[in-house]
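In: what follows is a protein structure lacking sequence information:
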């Protein structure tokens, strides 16, 4: 009987230790960009959101999103009010940077019937261009100079309106991320207002923008990098992207 009790106690202790090891630790992560399909705040999902959440879960962490304006994410990180931020392109933040976990692919997009020969930013100067908000600050010196010379350049916050302007031929070129364009192209609102069956051409004149997460704890960064590698090697990384109805960015046109 004594042996049975001892065995039971040993088993309970083992279960307790196992639970402690595998118990999820909650991490507060500041999320400052709400742009479908990367982050869909209302539904707590999105390409980038899901990737980050699954990577952390694979390493024993539960992500608790803290949705705030983009500038606020940096304040929260610097003042240690959160454990990390979802993504950033800045290079001077406190803490540790993970490997790049998400890439934004900006293109100049036109209707194929226009047959434009766009090889560089300079070729946009004489076109009616509609870009995402603050594009002139994000896309480099040459792009900013082009916007200053252009006679018909606009930036708008509503990217669904941007997509409609292309299909309704109120813009010659729109500048934006391919996944965002494809997401809005399939939305009910855009399909009701535009002929989205028109073929488009993606002019690859911008370098991809790669972003990393930042955490306070170096151990989290190391585990995150392990989880990211595993997610890609398993094929799950690409599955997440494709689950949002967007194509591999290498499959152009």
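Out: Looks like it came in fine. Values in this document were obtained by computation on a predicted structure and should not be read as measured data. Numbers count the residues shown, from 1 in each chain.
In: I'd say residue 122 and residue 149 touch.
Out: No - with contact defined as C-beta atoms under 8 Å, residue 122 does not count as touching residue 149 (9.1 Å). (C-beta placed from N, C-alpha, C; glycine too.)
In: quick one: the strands in the stretch 1-150 of the chain?
Out: 25-31, 61-67, 84-88, 96-97, 102-104, 106-111, 129-132 (DSSP state E, counting those that start in this stretch).
In: confirm residue 207 sits in a strand?
Out: No - applying DSSP: H, G, I helix; E, B strand; the rest coil, one finds residue 207 to be coil, outside a strand.
In: list the contacts for it?
Out: Residue 207 makes contact with no residue, according to C-beta atoms under 8 Å, 6 or more residues apart in numbering.
In: look up phi and psi at it.
Out: Main-chain torsions, residue 207, degrees, to the nearest 10: phi -70, psi 150.
In: of residue 122 and residue 149, give the one with the bigger neighbour count.
Out: Neighbours per residue, other C-beta atoms under 10 Å: of residue 122 and residue 149, the larger number sits with residue 122, 14 against 11.
In: excluding its backbone neighbours, what's nearest that one?
Out: Nearest residue to residue 122 in three dimensions, chain neighbours excluded: residue 146, at 6.4 Å (C-beta to C-beta, 6 or more residues apart in numbering).
In: cool, residue 123 as well?
Out: residue 117 (7.1 Å).
In: ok, residue 202 next?
Out: Using C-beta to C-beta, 6+ apart, the nearest residue to residue 202 is residue 107, at 4.4 Å.
In: verify the stated contact: the one you found with residue 208.
Out: No - taking C-beta under 8 Å as the definition, residue 107 is not a contact partner of residue 208, at 10.2 Å.
In: between these two, which has more neighbouring residues?
Out: residue 107 (22 against 12).
In: who does that one form a beta bridge with?
Out: Under DSSP bridges, the beta-bridge partners of residue 107 are residue 176.
In: burial count for residue 89?
Out: 10.
In: how about it: what's its closest non-neighbour residue?
Out: residue 211 (5.7 Å).
In: sheet partners, orientation included, of the helix or strand harbouring the one you found?
Out: In this structure, residue 211 sits in strand 209-215 according to DSSP states H and E. Paired with strand 209-215 in the same sheet, following DSSP bridges, are strand 84-88 (antiparallel), strand 96-97 (antiparallel), strand 102-104 (antiparallel).
In: following element in sequence after that strand, please.
Out: helix 218-234.
In: can you spell out which helices and strands pack onto that following helix?
Out: Applying 3 or more C-beta pairs under 8 Å, 6 or more residues apart in numbering; DSSP states H and E, we find helix 218-234 packed against helix 47-58, strand 96-97, strand 209-215, helix 236-242.
In: so how far is residue 72 from the closest residue to residue 224 other than its chain neighbours?
Out: Using C-beta to C-beta, 6+ apart and skipping residues adjacent in sequence, the residue nearest residue 224 is residue 98, 4.7 Å away. According to C-beta to C-beta, to the nearest Å, residue 98 and residue 72 sit 20 Å apart.
In: any weak-confidence spans in the protein?
Out: Applying pLDDT under 70 to the chain flags the ranges 1-23, 248-253.
In: give me the domain ranges for it.
Out: The chain breaks down by automatic domain parsing into domains covering 23-103+209-242, 106-203.
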